[in-house]
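>>> Predicted model, plus sequence, below.
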Amino acid sequence: MKINYLFFEIDYKEYIKIIILGIIEGITEFLPVSSTAHMILVSDLLNFNSNKIKIFDIIIQFSSIIVVILFFKNKLLKIIKYTINKSNNKNISFSISHIIVCLIPIGALGLFFHRKLEQLNNINNIILSLLCGSIALTISEFLKPNKLIKRINYLQAFIVGCIQCLSLYPGFSRLGTTIFSGSLLKINRCLIIEFSFIMSIPLICSTSVISIIDNIKLLKLSDIPVLITGMLTTFIILMIVGKKCLLFIKYKSLKSIIIYRFIIMTTIYFYFK
């Protein structure tokens, strides 16, 4: 059965699949569980077109960026004002220049090696990354110093950027590497998570644009309404559960997340093997 939408005639099953994927993406995006691993597993279970899922993974990032901007708009405005005025505001823990310093290592690696990094997107690497990421989160649970840093300096920003390079491996989780780097540097978890999300705005925008340019040949005109549906679904889910996810990763123990990552890793291993 086919339905008409945005002047295109498309099989309704495609919409059901993309809505399911949008829901999964929305739920996992703000949790350190690796949305990439979930997309690969669920898209294979749904027998979703491999080219479409590749484009979907790229386009869907813009939904998360819009939500991040909406959630952190007050913080963003304060940082911009602080950077422009050069005022000594003790309530500001980092500036735009700290974000730029953080972006240097991961940005350089992603810019010059993004095509080679795409080759890492295979099941064996995802399983290994899920394992290593789970170990990193476990270490973070044990590293809970009494005194936590509440302002980020340039050296710490650079180190966070270096550690975030691990997230270029699919399955590691950018958010997971953020929490791990924060625990190693004794930075307050709320602060390092806010820093990570705000830093992700220019990072994801730039990498998504590069990926779109590289994969533009895979995009068909008839895919546009399906992708729009997926973006809207992800956006709605993120708006519903996003703040709850943020509160969870900021203040709660990550033991349940670690256990869940091991379950997903085991499921992917036995499913694809």
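Sure thing, it's come through. Computed from a predicted structure; not experimentally measured. Numbering: from 1, shown residues only.
>>> for this structure, what spans make up the helices?
Assigned helices in the chain, in chain order: 12-28, 35-45, 50-59, 61-71, 73-85, 96-118, 123-142, 154-164, 174-184, 189-214, 224-251, 255-272 (criterion: DSSP state H).
>>> JSON lines please, covering those and showing mean pLDDT.
Supplementary listing: these in JSON lines, determined by pLDDT from 0 to 100:
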{"stretch": "helix 12-28", "mean pLDDT": "86"}
{"stretch": "helix 35-45", "mean pLDDT": "83"}
{"stretch": "helix 50-59", "mean pLDDT": "73"}
{"stretch": "helix 61-71", "mean pLDDT": "90"}
{"stretch": "helix 73-85", "mean pLDDT": "83"}
{"stretch": "helix 96-118", "mean pLDDT": "81"}
{"stretch": "helix 123-142", "mean pLDDT": "89"}
{"stretch": "helix 154-164", "mean pLDDT": "92"}
{"stretch": "helix 174-184", "mean pLDDT": "89"}
{"stretch": "helix 189-214", "mean pLDDT": "85"}
{"stretch": "helix 224-251", "mean pLDDT": "89"}
{"stretch": "helix 255-272", "mean pLDDT": "90"}
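>>> Point out the most buried one among the ones you listed.
Ranked by average neighbour count under the criterion mean count of other Cβ atoms under 10 Å, the helices of the chain are headed by helix 174-184 at a mean of 25. Heads up, the C-betas are built off the backbone N, CA and C, glycines and all.
>>> Can I get that helix in CSV? Just the C-alpha atoms.
Output of helix 174-184 as CSV, limited to C-alpha atoms (Å, rounded to 0.1, in the frame of the first residue of the first chain):
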residue,chain,number,x,y,z
ARG,A,174,30.5,11.0,22.5
LEU,A,175,28.6,11.6,25.8
GLY,A,176,30.3,8.6,27.3
THR,A,177,33.8,9.9,26.5
THR,A,178,32.7,13.3,27.9
ILE,A,179,31.7,11.8,31.3
PHE,A,180,34.9,9.7,31.3
SER,A,181,37.1,12.8,30.6
GLY,A,182,35.3,14.8,33.3
SER,A,183,36.0,12.1,35.9
LEU,A,184,39.7,11.9,35.0
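>>> which secondary structure elements does it contact?
Packing partners of helix 174-184 (3 or more Cβ pairs under 8 Å, 6 or more residues apart in numbering; DSSP states H and E): helix 123-142, helix 154-164, helix 189-214.
>>> Which residues are in contact with residue 162?
Residues touching residue 162, when contacts are defined by Cβ atoms under 8 Å, 6 or more residues apart in numbering, comprise 105, 106.
>>> May I see the helices and strands packed on helix 174-184 organised as JSON lines, with distance to residue 269 added?
Formatted as JSON lines, those follow (distance: least, Cβ to Cβ, whole Å):
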{"stretch": "helix 123-142", "distance to residue 269": "5"}
{"stretch": "helix 154-164", "distance to residue 269": "26"}
{"stretch": "helix 189-214", "distance to residue 269": "27"}
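>>> List just the one of those helices that sits closest to residue 66.
The closest approach between residue 66 and any of the helices and strands packed on helix 174-184, judged by Cβ to Cβ, belongs to helix 189-214 at 9.8 Å.
>>> Select, out of the helices and strands packed on helix 174-184, the one closest to residue 267.
helix 123-142 (10.2 Å).
>>> nearest to residue 73, of the helices and strands packed on helix 174-184?
helix 189-214 (10.5 Å).
>>> before we move on, the earlier item: nearest to residue 250, of the helices and strands packed on helix 174-184?
Evaluated over the helices and strands packed on helix 174-184, closeness to residue 250 peaks at helix 189-214, with 4.8 Å, by Cβ to Cβ.
>>> by contact count, what packs against that closest one?
helix 50-59, helix 61-71, helix 73-85, helix 96-118, helix 154-164, helix 174-184, helix 224-251.
>>> make it 6 Å
The criterion is 3 or more Cβ pairs under 6 Å, 6 or more residues apart in numbering; DSSP states H and E, and the helices and strands that helix 189-214 contacts are helix 50-59, helix 61-71, helix 96-118, helix 174-184, helix 224-251.
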